[in-house]
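S.K.: Here is my input, please return the structure:
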Amino acid sequence: MAMPEQALPVAELSYEQARDELIRVVGELEQGAETLERSLQLWERGEELARRCEEWLLDARARLDAARNASPSAQPRP
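M.R.: This next block holds a predicted model:
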């Protein structure tokens with residue numbers, strides 16, 4: 001399961017793309033890459049992908065919190 005040579009930059013990936021690629025990277029690491037260099041490349045890409053997923057999730061949480069705070073029904077009643 002090699003990563004395509006023309007893999008998109010992590011910053012351009014949607015949450016789903018980053019998650020799916022991270023799953024593939026972890027799978028390849030678990031199976032054992034053919035060389036130490038390949039293992040390091042996979043590990044580094046996996047770290048970038050995990051950060052990207054976390055960014056997406058934190059942004060989604062912030063958007064939900066903002067929507068809740070903006071909703072009149074979300075305001076506590078006296």
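
S.K.: How about residues contacting stretch 11-20?
M.R.: Contact with stretch 11-20 is made by 8, 10, 21, 49, 52-53, 56-57, 60, as judged by CB atoms under 8 Å, 6 or more residues apart in numbering. The way it works is simple: take the backbone N, C-alpha and C, and place the C-beta from them, glycine included.

S.K.: 6 Å instead?
M.R.: In this structure, residues lying in contact with stretch 11-20 by CB atoms under 6 Å, 6 or more residues apart in numbering are 49, 52-53, 56.

S.K.: same check, this time on stretch 54-64
M.R.: Contacts to stretch 54-64, defined as CB under 6 Å, 6+ apart, come from residues residue 15.

S.K.: ok, now with 10 Å
M.R.: The list of residues contacting stretch 54-64 from outside it, by CB atoms under 10 Å, 6 or more residues apart in numbering, reads 10-11, 13-16, 18-19.

S.K.: filter those residues to the buried ones?
M.R.: Buried residues within these, defined by neighbour count using 16 or more other CB atoms under 10 Å: 10, 13, 18-19.

S.K.: Include pLDDT, secondary structure and distance to residue 33 when you put the contacts of stretch 54-64 into a markdown table, please.
M.R.: Output for the contacts of stretch 54-64, formatted as a markdown table (pLDDT from 0 to 100; DSSP: H, G, I helix; E, B strand; the rest coil; distance: CB to CB, whole Å):
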| residue | pLDDT | secondary structure | distance to residue 33 |
| --- | --- | --- | --- |
| 10 | 95 | helix | 19 |
| 11 | 94 | helix | 24 |
| 13 | 95 | coil | 21 |
| 14 | 95 | coil | 26 |
| 15 | 96 | helix | 25 |
| 16 | 96 | helix | 24 |
| 18 | 97 | helix | 20 |
| 19 | 97 | helix | 21 |
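
S.K.: can I get those residues in CSV with distance to residue 39?
M.R.: As requested, the contacts of stretch 54-64 are arranged in CSV below (distance: CB to CB, whole Å):
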residue, distance to residue 39
10, 18
11, 23
13, 22
14, 26
15, 25
16, 25
18, 20
19, 21
